[in-house]
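Enquirer: Okay, sequence plus prediction incoming.
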Amino acid sequence: MPFSDEWLVPTVETLIAADAMESLREIAESADSDSISLWEAMVHRKLATDDQILETISARFRIPVADLTVLETKAREAVPEQVARRHQVIPVRITDSVLEAATTNPFDIDAEKMLAFATGREVRMFLASPSRIRDKLDELYKPESVVSKLLGGFGEAEITQVSEEEEEIGATLDEASQRPIIRLVDMMLADGIASRASDIHVEPAEGGVVVRYRIDGVLRQVMTIPRSAGLPLISRIKIMSGLDIADRLRPQDGRARVSINNDKIDLRISTLPASLGEKVVIRILDTRSTILTLPSLGMLDDERELIERLLDNKEGIILVTGPTGSGKTTTLYSALKVIQGEGVNIVTVEDPVEYRLGKNIVQVQVNVKAGLTFATALRSILRQDPDVVLVGEIRDQETAQIAVQASLTGHLVLSTLHTNDAPSSVTRLIDMGMEPYMIGSALRGILAQRLMRRLCLICREAVTDFGSDQIPAKMRDYIPDGTTLYRAVGCPDCAMTGYRGRFSICEILLVSPEIERLVAAGSPAGVIAKAARKNGMLSLWDSGLRHVLAGETAVEELLRVTDAPMEDTEAPAAPKAVAPAAPAAPRERATPSPSAGHPPPIVQPPALDASAAFELIEDDLEAAVDGDTGKKGITVLLVDDEDQLRRVMKDLLEREGYTIAEAADGVEALDQADRHAPDVIVLDLNLPTLDGYSVLSQLRSRPATREIPIIVLTAKGDEDNEVRVFELGADDFLTKPFRARALSARLESVVARRRV
């Protein structure tokens, strides 16, 4: 039976005899509770004192002992009582940037993250004994909190079963108005805005509430907070936006405006009932960070010129298409800035009005409850003698019909649709009930767009000598030999993501007489697309590829945002070169190249079973092992709690000439690192007693192990985990399942880099 503080065992073995430790384990096994604290058991049986244990831990891990004689009031006010008691921490001192806290377990990552989130500061942990922590908690937090008052009012009570609905009615108006909850919401909003988040997602989950930020189009989990604090937090957000906190069964939408450092920020709040509670999404509309001009969208020069040519039309309809969050509204606003002038009457109808566009532009907010829909607003707008009309979205046949009729009667109409590409917009309008001949007569052009992340200019890394195995199969025919590509690395300036900011890639369909005839005839989207490509239309893939070759983004980002052309798709004319140097000739392959008008077939990698990492390794052993004797003398420490996987990796690496040391948990990993001084460490994250994050942090904090290369090997292949381990000092990141040759190549690479 492990102790609740099992990580302490190797540290205190010097203080007590082995038979005494076995005796304590027997007590733990016979205890009624799940586990007991080794620290408290040693003190209770007088095997060691608190001071002796503190001194031993401090000497081994170089963590100072906390001084609990003087505690700052500001620190206590910054940390909610519930957080302090849950994680058994004492807030000692606080500054503008740092919180110092005392704890019995300095490796409690959850406690550190919670304190950092609650206070918005870096957390530094100090040591204190369990008894001192308990005494100081009772001294610091008097029974004045709402929870303590509620509990204090109970005597002996009869326990009865309640329904889940009754159990969840804890997020009352009083709880949502408490100062800690208000401060938590304020800090969450301020941190999200400072992190350049476009949305904040507050999602109920099992045992808590998850907070995630969408930064540069990708969601990143920031914190998981206790459910008892999460439900009042959601109620507080609903109060801010004027929503009904008692109505938890219907979706609601609201708005709010906050001031941060005297800057006004608009918020758009949406709630959605879910099985575990309400999900809340906060859309941050920060006009300071949004520059509404066509050059700011990051398009290539020829693409911007095509859009400006479309905007020269005095009548007709121009559509911008793409999924939610692809920047359609920002593009339309930027287009209006081009048209805007004193002599032009511009009216918009939107749901909602996201940004105020300034003078000479009248913006109308849809209000369905009052009967002001897109269609009714558009009818009224046409009586106002407009020159340009912006319709936020064409959602139904009535709106589409009025918009098309307006474009045929001398107005320039700008609007959006939800389609995957430009040619599909015609099919979508026909599906709504529009006559094809009317669409052909009214349509002037369609812009399909996506947003791609821009590589951080500070930390991006050039790659010139890449091999064919370093480029995905579907990309190889599109990358000429000798091309300099760039990859994401990560630095503090880009929050260790390797990307900072976004730009647009687009597919622009200009309606020529040939396209107009095809649309009027009701031709399918494929036929229209083929004709448009013959006229020079570049696909989203082509647009993104040009940015990759120009070094603005990475290959992985292009594959994340859009797909390579299918085999039966005819390729367009070669795009204009945007790279500084002219690319070399493409590789010679048996299959036709894109420049010949036939894209290569897409090579799909074999499906991988996440539960069979070791099987994949065994399948690849014979191909990976050549009996390389040049690796003799290199010691590899394998840290993984899966015995079978560890044995297979050991067999593979020993056949290649490596010397292998093993560890099955985090504490053993630290001991083996001290004992063997390995040349490289392969570290799993999911470990008993002490997880891989803590092991990685400890290894990087010790002078003796600071320079050892560490490859993190984990089934947690999401971006947040990858960013986190690199922040803690990992040299490489490999996800399960993996190929044997991949592990061998990573080992050779990190060892070679360290030895240069």
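Expert: Everything's here; your move. Not measured: the values here are computed from a predicted model.
Enquirer: From the contact counts, what lies against the helix or strand containing Ser749?
Expert: Element membership of Ser749, judged by DSSP states H and E, is helix 740-755. Helix 740-755 is packed against helix 613-619, helix 621-624, helix 643-655, strand 680-683, strand 710-714, strand 732-735, with contacts defined by 3 or more Cβ pairs under 8 Å, 6 or more residues apart in numbering; DSSP states H and E. Glycine gets a C-beta too; all of them are placed from N, C-alpha and C.
Enquirer: Looking at those, which one is packed in the most?
Expert: Highest mean neighbour count among the helices and strands packed on helix 740-755 (mean count of other Cβ atoms under 10 Å): strand 680-683, with a mean of 25.
Enquirer: helices and strands around it, which ones?
Expert: With 3+ Cβ pairs under 8 Å, 6+ apart as the test, strand 680-683 has strand 635-639, helix 666-676, helix 692-701, strand 710-714, helix 740-755 packed against it.
Enquirer: What strands line up against that strand, and which way round?
Expert: According to DSSP bridges, strand 680-683 forms sheet pairs with strand 635-639 (parallel), strand 710-714 (parallel).
Enquirer: and that strand, C-alpha only, in CSV?
Expert: The C-alpha atoms that make up strand 680-683 are tabulated as CSV, following Å, rounded to 0.1, in the frame of the first residue of the first chain:
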residue,chain,number,x,y,z
VAL,A,680,20.3,10.6,-22.7
ILE,A,681,17.0,10.0,-20.9
VAL,A,682,13.7,8.7,-22.5
LEU,A,683,11.0,9.9,-20.2
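Enquirer: what does that strand rub up against?
Expert: Residues outside strand 680-683 that contact it (Cβ atoms under 8 Å, 6 or more residues apart in numbering): 634-640, 649, 669, 673, 692, 695-696, 699, 708-713, 730, 743, 747, 750-751, 754.
Enquirer: In PyMOL, how would I select the buried members of these?
Expert: Here is the PyMOL command that selects the buried residues among the contacts of strand 680-683 (16 or more other Cβ atoms under 10 Å):
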select buried, resi 634+636+637+638+639+640+649+669+673+692+695+696+699+708+709+710+711+712+713+730+743+747+750+751
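Enquirer: Please, where are all the strands along the stretch 101-250 of the chain?
Expert: Remark: strands assigned in the stretch 101-250 of the chain by DSSP state E, counting those that start in this stretch are 122-127, 197-205, 208-215, 218-226.
Enquirer: hang on, the earlier thing: among the helices and strands packed on strand 680-683, which comes closest to Ile193?
Expert: With Cβ to Cβ as the measure, helix 692-701 is the member of the helices and strands packed on strand 680-683 nearest Ile193 (27.6 Å).
Enquirer: got a list of contacts for that closest one?
Expert: Helix 692-701 is contacted by residues 61-62, 107, 109, 639, 666, 669-670, 673, 681, 683-687, 705-706, 708, 710, 712, 714, 724-725, 728-730 when judged by Cβ under 8 Å, 6+ apart.
Enquirer: same question for that helix, mean pLDDT?
Expert: Mean per-residue pLDDT for helix 692-701: 86.
Enquirer: chain center to that helix: distance?
Expert: 23 Å (Cα atoms, centre = their mean, to the nearest Å).
Enquirer: tilt between that helix and helix 666-676?
Expert: On the basis of axes from the mean of the first three to the mean of the last three Cα atoms, to 10 degrees, helix 692-701 is oriented at 30 degrees to helix 666-676.
Enquirer: Kindly export helix 692-701 (C-alpha atoms) in CSV.
Expert: The C-alpha atoms that make up helix 692-701 are tabulated as CSV, following Å, rounded to 0.1, in the frame of the first residue of the first chain:
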residue,chain,number,x,y,z
GLY,A,692,7.1,13.0,-15.7
TYR,A,693,6.6,16.8,-15.5
SER,A,694,8.0,16.9,-12.0
VAL,A,695,10.9,14.5,-12.9
LEU,A,696,11.8,16.8,-15.9
SER,A,697,11.7,19.9,-13.7
GLN,A,698,13.9,18.3,-11.1
LEU,A,699,16.4,17.0,-13.6
ARG,A,700,16.7,20.5,-15.2
SER,A,701,17.1,22.2,-11.7
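Enquirer: Pull out the buried residues from stretch 400-416.
Expert: Here stretch 400-416 shows 400-404, 406-407, 411-416 as buried, counting by 16+ other Cβ under 10 Å.
Enquirer: Looking at these, which one is closest to Ser228?
Expert: Taking Cβ to Cβ as the measure, Thr416 is the one of those closest to Ser228, at 41.8 Å.
Enquirer: mind listing what that closest one touches?
Expert: Applying Cβ under 8 Å, 6+ apart to Thr416 gives the contacts Leu319, Val320, Thr321, Gly322, Lys328, Thr329, Leu332, Val391, Gly392, Glu393, Ile394.
Enquirer: Could you find the closest non-adjacent residue to it?
Expert: Spatially, and ignoring its direct neighbours in sequence, Thr416 is nearest to Lys328 (4.5 Å; Cβ to Cβ, 6 or more residues apart in numbering).
Enquirer: wait, Leu306 sits on Glu507?
Expert: No. Under the criterion of Cβ atoms under 8 Å, Leu306 makes no contact with Glu507, lying 10.6 Å away.
Enquirer: more neighbours, these two?
Expert: Taking neighbours as other Cβ atoms under 10 Å, Leu306 and Glu507 compare with Glu507 leading, 27 against 21.
Enquirer: Where does the more buried one sit, in terms of helix or strand?
Expert: Element membership of Glu507, judged by DSSP H and E, is strand 499-510.
Enquirer: Could you figure out how far that strand is turned away from strand 208-215?
Expert: Strand 499-510 and strand 208-215 are oriented at 60 degrees to each other (the same axes, to 10 degrees).
Enquirer: Tell me what angle strand 499-510 forms with strand 197-205.
Expert: 110 degrees.
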